[in-house]
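Colleague: only geometry, no sequence info:
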């Protein structure tokens, strides 16, 4: 069991080691290559990084549950966009005209409710039809995007509410609102996955679904709840982000699913389910954001970021496989 | 007895459901708008579906072999940009084979990772989606790519030309579909693709070189992507870096609509073509009815889920899933 | 036991699946404090019956009584709530979770906010583990345990609730003798507490050691219940298969040819060590041993699926290195694998395509596959092996186990191998097909094939082999000729008892 334990420790610590490596690399490389004279590991820069991680990070927490559960959700980007539109559009609806600034919590609740319902709809379809989550959410990714366009065609939807912007731009104890949301969501989801019966059942279902069924866990409703959670979090991510920006394009959130899945896989969650941790995902989110920022810091453009992230994802998969090779006598199939 | 016939109807519906749905749908739209089934309209639909269709043919091989390819969209952008760039630098005669060679290298890389190293194809191609996009941006320097002399090149023939009164993209799509259909159903290689996707372990125990088979499927996919890129480049003679973005999922939708299982081992070229045409005709039909393009997204959503649902319902003999 | 009422009573249970009557009027009762064996061949309906009892399948007819109450099992949780606990044969554990979480899967103790009560969980679990006398604790990850210890975790589940009836499905398949003793103690404890136990096993010696009564199923039909003390193995076997077991030795002898396959000092890591044997043309060599003795791994090595760490393989006297199944096939080795559905067949493919898969590259008409030649091959072996299928277009997955196995055998015979390896050729096959396959193996040898038969069934090995290689824990203990072998010395050899050597 010794080599297995070593590889496990390596794997659990891998994402943090990778983050440390990134920090060192960008700090050193930044000395020579950076255009600005500010150090990379600047305190403000790191705080900004946390804030910028929030939109992807919040959704990634939901994706961790869904993937540990043995499913996947490709529709999060579209859910994100719908929630954003509901948030901004509803503030202009005549029925809420008399509410003043009280329209803000109403709009928030509406957006979150819509996200939760869309997620639950995915879950319900997966449960009742037995169609694979990949296909179900591939379909709803298209469908939800169609709904996004129904609001305003190809035009952006904008509404600036200054109270809302003030709230979103506020800082508390030095951290931006978005950062607080990311930390809070991480904490809550960590609690759910590590401490509650629901979370432990999620692992059991992803690990051995038949065993979970035999033990009497109601797999269908369980999965539906998890899809509702990821829908809620996609909406929450939109609420946090668009409270500040105030304008949403119908194509916003596209490719979010890919970024989110990348972060989750980098964080060590097994694609087939049953294993993964919220803390690891948090590391994955930070690692990706560091990479984007760091490459920008040393003067690389978006193209390099895409290239590097793609290759790192593959490299992680490769390393994971090498660490799990059982030895020479293994059956070659 | 009544229940038996009902079951039989159910199973016929489920087995040929996609064809029946296609027919019903075509009739309904034709009744709503007679122009729908006119030669001009059909040509225009098939021509605009050709790029998606050619890519779907290759992805069908990958999916039957039990894998996924999410990188075809960004790979298509890559080949479009490369061929447009090389067109002005080394001329179309050399640009086309050079672009095919480069695209095939990417396909070979993916095939190596998935086939020989046995890495999960979803994550590998997800990574490649991002990596190839980065590669394309680096190659083009983030700029749009345009051919300098748009009127003086024969390069436009692949996207804009016609032969025997039929648009060339349609001919390419049809010829490739026929060729790959024959490869899949009539050759030893095709048989191996089904075996590897149906049960990779049993295929290995039968002496089939699984890695080589999967690798070849990705090469075929890359060849199709390069062909699609060629049509795209030739049609517009200029392109953005993101021309193929999102196509990977539309392609997959067409393949799934054709009834290929993501678990591998099932699917046919013919059904994929039907899947592609359904997507194309829905888009066109809804536009003819005066509906916006985005309505087709919602319709596609419903159709994909219904199609896959009926397919697996027929296999398990029950409409609702047994999940507790 | 005459004074008590049955704790569990099944009355006339019927269960049909499309085209199959899986259970046809099965009735039997389990008394409190009784160990009740349920026996029958594979496919006799034991597992279907257990699924009905566990609420996974609903019966189409008949009733289940707990005590005097008629009950309906609507799911595994209801069954458990009523005190019926299953110990599954296939491990149904979540490897990433801890031992405690697995034992209490589906009913973790809760605190406020839906939290798991970890303290109570480990306390309860450790109490149970102490009873089982195992060397791991509640927090151990199940994936880190040996298969036998995982089986103990499965067994520990039975002790979590106030069980009225516990069903053990082949619990000893992967246990060592020492672990078996612990298991039997657990069963004795449960029995003393008045729990009714249903014990499913193929191992006669266990059945006769620990059970009180035996109920027998054949082809979904109830054959009767007998008191263990008043019967013997032969009578039970006869009820199971409907006729007397043919324990005869291989009688036919024919002249042996040259050595086709020779193995010298072959080792593969921890799987098996220093294995040497030879197989002549015209000879059937049986490999007998317990599960995990290394027999299948030798076959896989010869077929190029594993790389040996040392030793030589000689074909027709010439040393060869086999790196892949394609190599093996090219050198005339065929392997009918152990797991028919997982390794032998592509279930979604039709019968013809399955049969011609290994030689598909050679069946060519121009660039295409020669379908005519394929159909000819299929028809030849359909006739020769009496494969019952309406047409070659039938999906392999739709055939019965016996016919599926014949497709796999036909697939490899059509390769005209010089060495044919068959691994568990009759597992899960009905009795009729079984003897046909035995006959076939003898015929093949007579035609000059060199045949290796790996089997865990003693009658089968005795019946078909010219020589028998007995293996224990990765080593060859002894090689018997068909004249030397007796049931006793064979069992001694595969149990690792050396004294057989002197005999």
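Modeller: In hand now; what should we look at? Everything numeric here is computed off the predicted structure, so don't read it as measured data.
Colleague: what's the helix or strand for residue C:407?
Modeller: helix C:401-413 (DSSP states H and E).
Colleague: any residue of that helix up close to chain B?
Modeller: Yes. Applying CB under 8 Å from any CB of the partner chain, one finds helix C:401-413 touching chain B at residue C:411. C-beta coordinates here come from the backbone N, C-alpha and C atoms, glycine included.
Colleague: From the contact counts, what lies against the helix or strand just after that helix?
Modeller: Following helix C:401-413 in sequence order, the next helix or strand is strand C:419-423 (DSSP H and E). Contacts defined by 3 or more CB pairs under 8 Å, 6 or more residues apart in numbering or on different chains; DSSP states H and E place strand C:419-423 against helix C:295-302, strand C:333-336, helix C:401-413, strand C:450-455.
Colleague: quick one: which of those is nearest chain A?
Modeller: Nearest to chain A, of all those, is helix C:295-302, at 6.3 Å by CB to the nearest CB.
Colleague: Quick check: mean pLDDT of the closest one?
Modeller: Helix C:295-302 shows a mean pLDDT of 92.
Colleague: what about it and chain A, any contact?
Modeller: Yes. Residues of helix C:295-302 are located near chain A by CB under 8 Å from any CB, namely residue C:300.
Colleague: again with stretch B:241-252
Modeller: Yes. Interface with chain A: stretch B:241-252 contributes B:245-246, B:249-250, B:252 (CB under 8 Å from any CB).
Colleague: got it, and stretch B:269-277?
Modeller: No. Against chain A, stretch B:269-277 shows no contacts by CB under 8 Å from any CB, the least distance being 13.0 Å.
Colleague: What residues of stretch C:191-203 count as buried?
Modeller: Residues of stretch C:191-203 classed as buried under the neighbour-count rule (16 or more other CB atoms under 10 Å in any protein chain shown) are C:191, C:195-202.
Colleague: Among the residues you listed, which are located in strands?
Modeller: C:196-200 (DSSP state E).
Colleague: can you pull out the helices in the stretch 201-324 of chain B?
Modeller: Here the stretch 201-324 of chain B has its helices, by DSSP state H, counting those that start in this stretch, at B:210-236, B:247-257, B:269-288, B:293-316.
Colleague: Reformat those as TSV; add distance to residue A:49, mean pLDDT and mean neighbour count.
Modeller: Formatted as TSV, the helices of the stretch 201-324 of chain B follow (distance: least, CB to CB, whole Å; pLDDT from 0 to 100; neighbours: other CB atoms under 10 Å in any protein chain shown):
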stretch	distance to residue A:49	mean pLDDT	mean neighbour count
helix B:210-236	36	95	25
helix B:247-257	30	88	26
helix B:269-288	41	88	22
helix B:293-316	35	83	19
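Colleague: now for these, which one comes closest to residue B:172?
Modeller: Closest to residue B:172 of the helices of the stretch 201-324 of chain B, according to CB to CB: helix B:210-236, at 6.5 Å.
Colleague: angle of that closest one against helix B:247-257?
Modeller: For helix B:210-236 against helix B:247-257, the angle by axes from the mean of the first three to the mean of the last three CA atoms, to 10 degrees is 120 degrees.
Colleague: residues from the stretch 201-324 of chain B in reach of chain C?
Modeller: So far as CB under 8 Å from any CB goes, the stretch 201-324 of chain B lies against chain C at B:201-209, B:265-266, B:317, B:324.
Colleague: Residue C:413 versus residue C:437, what's the distance?
Modeller: Going from residue C:437 to residue C:413 by CB to CB, to the nearest Å gives 12 Å.
Colleague: okay, now residue 295: neighbour count?
Modeller: In the absence of a named chain, this looks at chain A. For residue A:295, the tally of surrounding residues (other CB atoms under 10 Å in any protein chain shown) stands at 22.
Colleague: sorry, should have said chain C
Modeller: By other CB under 10 Å, the burial measure for residue C:295, its neighbour count, is 28.
Colleague: Dump the residues of stretch B:241-252 next to chain A to TSV, plus distance to residue C:15.
Modeller: Below are the residues of stretch B:241-252 next to chain A laid out as TSV (distance: CB to CB, whole Å):
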residue	distance to residue C:15
B:245	53
B:246	49
B:249	43
B:250	46
B:252	40
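Colleague: which one of the residues you listed is nearest chain C?
Modeller: residue B:252 (20.6 Å).
Colleague: Any of the residues of the stretch 201-324 of chain B next to chain C buried? List them.
Modeller: When these are checked for burial by 16+ other CB under 10 Å, the buried set is B:201-209, B:265-266, B:324.
Colleague: Least reliable of the helices and strands packed on strand C:419-423 by average pLDDT, please.
Modeller: helix C:401-413 (a mean of 87).
Colleague: tell me the angle of that one relative to strand C:419-423?
Modeller: Using the same axes, to 10 degrees: helix C:401-413 against strand C:419-423 is 160 degrees.
Colleague: Throw the residues of the stretch 201-324 of chain B next to chain C into TSV and include pLDDT and distance to residue A:114, thanks.
Modeller: Shown next, in TSV, are these (pLDDT from 0 to 100; distance: CB to CB, whole Å):
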residue	pLDDT	distance to residue A:114
B:201	92	45
B:202	94	47
B:203	94	46
B:204	93	48
B:205	93	51
B:206	93	52
B:207	92	55
B:208	93	50
B:209	93	51
B:265	89	39
B:266	89	37
B:317	74	36
B:324	69	28
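Colleague: Is there contact, residue-wise, from stretch C:346-365 to chain B?
Modeller: Yes. Stretch C:346-365 is in contact with chain B by CB under 8 Å from any CB, via C:346-349, C:353, C:357-358, C:360-361, C:363-364.
Colleague: Quick check: the farthest pair among these?
Modeller: C:347 and C:364, at 26.1 Å, using CB to CB across the residues of stretch C:346-365 next to chain B.
Colleague: Which one's more surrounded, these two?
Modeller: Under the criterion of other CB under 10 Å, the comparison of residue C:347 against residue C:364 puts residue C:347 first, with 19 against 13.
Colleague: Ramachandran angles for the residue nearest to residue C:434 when sequence neighbours are not counted?
Modeller: Excluding the flanking residues, the one nearest residue C:434 by CB to CB, 6 or more residues apart in numbering or on different chains is residue C:426, at 4.4 Å. Phi and psi for residue C:426, reported as degrees, to the nearest 10, are phi -120, psi 20.
Colleague: Closest one to residue A:15 out of the ones in strands among the buried residues of stretch C:191-203, please.
Modeller: Nearest to residue A:15 among those is residue C:200, at 46.2 Å by CB to CB.
Colleague: residues touching the closest one, list them.
Modeller: Residue C:200 makes contacts with C:37-39, C:46, C:50, C:89, C:167-170, as judged by CB atoms under 8 Å, 6 or more residues apart in numbering or on different chains.
Colleague: Helices of the stretch 1-150 of chain A, start to end?
Modeller: Under DSSP H, counting those that start in this stretch, the stretch 1-150 of chain A gives helices at A:2-33, A:43-68, A:76-90, A:103-129, A:133-152.
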